[in-house]
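Student: Okay, sequence plus prediction incoming.
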Amino acid sequence: MLNKALLAAGATVLIGAAAQAADLPAQITDRGHLNLTVNGTYAPMEYTDPATGKLTGLDIDLAKAIAAKLGLEIEFSDTAFAQLIPSLETGRTDFIISGLSDRASRRETMDFIDYLRTGAQFLVGDGSEITSVEQLCGKKVGTTRSTSFPEEIQKWSAANCEAKGAPAVVYVPAENSIDARTQLKQGRIDAAVQGSETIPYAMQNEPDTFRAVGEPFTLGYQGIAFRKADTELRAKIQETLQALLDDGTYLKILTSYGLQANAVEELKINAAPQ
């Protein structure tokens, strides 16, 4: 009787997963897995575990949880941040869940399910004499050039430095977050700007190396990005992610990375400020 009950339960799970997958676009159900491209340099969202050489992180765990709900596997590929959007445009990735901010300019070709609160924040070396954001005027500040952060640094500088007669912040480009923190450690820049979701991990991973200055100076959301035409896929992923919010899986994943304060209470489409 027990074996029959277990078989019946297993069959129910398989039928449920098959029904979930059947609601997906045909090209995904036909291949039987999701293709997802990420940029594995943005810990703790996605990064390569040095001990195993495997991709790990909050976005990786969340993507796997979504796939499990759908009864699918995932084939991950790792690329430069600047190649994430081209990967979506050319169909190499089914959607993007890789530390990508929902921005008005990006909505011209993409739609976002906003799933994580974020904000740009200044980071300095632990031994730096900079203790307040006001001291950043005229200083060299580095950040990933292919993100929204360079523009946000310029806006902050215009409002908080030039408008008050102080010298402008000097923006220094970096290839990615790791490069920005390396430049900071080497003294090539005075400060860096990173997403508020990654700074606690950087400080924990390298104790007595970095220090946050001030509060996040922008408010936004990271979003799962889809091609405008992929409304069917977007709706299915939103429904699946909502199920993960409802059953506690979403918050459990965020809490495991110490980012429960970045959780959203509800999923919205294209909700980030303009």
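Tutor: Sure, I can see it.

Student: show me where the stretch 151-274 of the chain has strands.
Tutor: 170-174, 191-195, 210-213, 220-227, 263-269 (DSSP state E, counting those that start in this stretch).

Student: quick one: contacts of the first one?
Tutor: This points to strand 170-174. Identification of contacts with strand 170-174 by Cβ atoms under 8 Å, 6 or more residues apart in numbering yields 138-145, 150, 153-154, 180, 183, 188-189, 192. The way it works is simple: take the backbone N, C-alpha and C, and place the C-beta from them, glycine included.

Student: now do the longest one
Tutor: Strand 220-227 is contacted from outside by 45, 85, 88-89, 95-97, 99-103, 106, 109-119, 148, 195, 197, 233-234, 237, 241, 264, 270-273, using Cβ under 8 Å, 6+ apart.

Student: before we move on, the earlier item: any idea which of the strands of the stretch 151-274 of the chain gets closest to residue 59?
Tutor: Nearest to residue 59 among the strands of the stretch 151-274 of the chain is strand 220-227; the distance by Cβ to Cβ comes to 8.5 Å.

Student: Could you quantify the relative orientation of the closest one and strand 191-195 as an angle?
Tutor: Taking axes from the mean of the first three to the mean of the last three Cα atoms, to 10 degrees, strand 220-227 and strand 191-195 form an angle of 60 degrees between their directions.

Student: Strand 220-227: how far from the chain's middle?
Tutor: Distance, stretch centre to chain centre, for strand 220-227: 8 Å (Cα atoms, centre = their mean, to the nearest Å).

Student: Specify the angle between it and strand 263-269 in degrees.
Tutor: Going by the same axes, to 10 degrees, strand 220-227 is angled at 40 degrees with respect to strand 263-269.

Student: Return the set of buried residues in strand 220-227.
Tutor: Across strand 220-227, burial judged by 16 or more other Cβ atoms under 10 Å covers 220, 221, 222, 223, 224, 225, 226, 227.

Student: quick revisit: pull out the buried residues from the contacts of strand 220-227.
Tutor: 45, 85, 88, 95-97, 99-103, 106, 110-119, 148, 195, 197, 233-234, 237, 241, 264, 270, 272.

Student: Cross-reference those residues with the strands and report the matches.
Tutor: 110, 111, 112, 113, 114, 115, 116, 117, 118, 195, 264 (DSSP state E).
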